[in-house]
Each structure stands twice: as C-alpha cells, then as structure tokens.
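Chemist: Sharing a model that was predicted from the sequence below.
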Amino acid sequence: AQTVTQSQPEMSVQEAETVTLSCTYDTSESDYYLFWYKQPPSRQMILVIRQEAYKQQNATENRFSVNFQKAAKSFSLKISDSQLGDAAMYFCAYRSGNYGQNFVFGPGTRLSVLP
Amino acid sequence: DTAVSQTPKYLVTQMGNDKSIKCEQNLGHDTMYWYKQDSKKFLKIMFSYNNKELIINETVPNRFSPKSPDKAHLNLHINSLELGDSAVYFCASSQARGFYNSPLHFGNGTRLTVT
C-alpha cells in the first residue's frame, strides 16, 4: 500500500518570504498523481496544485509551485511571497493511476505566517 | 452553486444515539467518498462508492453504514454513537475511470461531537 509522509508537523514563514513544505511517498507504481491541499481554519479543503507523475515539468499555480523528484519520490510545495491568508494545514495526497480510486493523504504540515 | 454539499455542518449528540450525514454532488462525478479527520487532523478514508457500487470499505466499525441511492448522493448512517466517533467527517467526489488526474472535491465537513 502507498504511504505519504510529511516530515514537518509545523512550519513558519515571515510574510512575503518563501517557504517549502516537504512530502515523500512510497509506491511501486510508475503511473500516479500527486496533489497538495490546503485546509484553513474554516476546515474547507482546497486544492492548491496537482502533478502527473508522467510529466517531468513541475506544476505551478501563481505563487505555488512544486519540486517533483520522481526517482527520489519527493513532492515538495514552494510558496512564494507568503501571505497571511496562506496560514493553514497543508496536506500532500497520492492517487494511483491504476484504477486509482483511493487518495492517500500525508499527516499534514501546519503553516504559520508571521506578519 | 455548491459542488459537494453535506449536511449538517455540526452535529452534537449523546452516546448511544443514531445519526445520519447526507452528501450530494452536482459535478457529475462517478465516485464519492467518506473521509474521517481526527483530532490530530489526520485524514483517513472510510468508504468509497463508484456508480452506487461500494469499492472501498476500510476497517471501520459496522456501526457505520454508507448508502448511495444514486451516483450523486452518498449518505453515512452511524448507529450507537460512541465518544471515539467524535471527529470531522468529509464527503468528497472525484472522477475515476480514465480521469485519474481528477482531484478530490470536498464538502465542507460535518463536525460530529458525541457527549
């Protein structure tokens, strides 16, 4: 079974600075999809960014970008120009490309943004 | 238009009671899920239905019974509630069957408190 690890339970960043959240996963599959979700205090789960494993190019969405290292099974999230509204729990998730019904989530990283 | 809606948002009840949480999605997705988020924010899948067929049934007490009358609805009924059932329950939907890059779309969660 696949597992997802987020080794940083908590992180903090100064407003306007850049922060990187780490995620590693364990799989024997070659075809899969990776996602980052944000959960602010409102508890809503918001998709931040997604990456297809077959794509070498790292995904970007405005201030959010990923560093996808397939061989290392690493999928880190970089937040540039951090804003107060970025403060939230961030979850990394894995979905198999083979009849991939289940999404496996990491334990999350709580990000604080300091003014 | 709300994409995935679940009701109620909050549920406070006493031990031993039976309660239900309802979920509906208007995204046309073929797969729906129930996830449980515990007090440590860990997200764990409970059930998944694809076109009304149960496809994921994790190790969950049989006091929890999902029901999917059609592919747009997935309800969760809980019998004989226990203190340990207190958590946030998320309904979610996704498109499977060839669209594995489709992310999970979450409802806003139901915070269940058992006293």
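Modeler: Cool, the structure landed.

Chemist: Does A:Gln8 belong to a helix, a strand or coil?
Modeler: At A:Gln8 the chain is in coil, as set by DSSP: H, G, I helix; E, B strand; the rest coil.

Chemist: Sorry, wrong one. I was asking about A:Arg110.
Modeler: Following three-state DSSP, the label given to A:Arg110 is strand.

Chemist: That one: neighbour count?
Modeler: Neighbourhood size, A:Arg110 [other CB atoms under 10 Å in any protein chain shown]: 15. To be clear about C-beta, it is placed using only N, CA and C from the backbone, and glycine gets the same treatment.

Chemist: Equivalent analysis for B:Lys40, please.
Modeler: Quick note: B:Lys40 (other CB under 10 Å) scores 8 neighbours.

Chemist: got the contact list for it?
Modeler: The contact partners of B:Lys40, taken as CB atoms under 8 Å, 6 or more residues apart in numbering or on different chains, are A:Pro107.

Chemist: Confirm it sits in a strand?
Modeler: No. Counting by three-state DSSP, B:Lys40 falls outside a strand, being coil.

Chemist: contact partners of stretch B:105-114?
Modeler: A:43-45, A:47, B:3-15, B:19, B:21, B:23, B:25, B:27, B:29, B:37, B:78, B:81-94.

Chemist: I'd like the mean pLDDT over it, please.
Modeler: Mean pLDDT, stretch B:105-114: 97.

Chemist: Can you point out the buried residues in it?
Modeler: Buried residues in stretch B:105-114, counted by 16 or more other CB atoms under 10 Å in any protein chain shown: B:105-112, B:114.

Chemist: Quick check: strands, which of those are part of them?
Modeler: B:105-106, B:110-112, B:114 (DSSP state E).

Chemist: what ranges of chain B fall below the confidence cut-off?
Modeler: Applying pLDDT under 70 to chain B picks out residues B:1, B:97-100.

Chemist: Pick out the residue closest to the middle of it.
Modeler: Here the mean C-alpha position of chain B is nearest to the C-alpha of B:Trp34 (CA atoms, centre = their mean), at a distance of 2.8 Å.

Chemist: Please consider this matter closed, and thank you.
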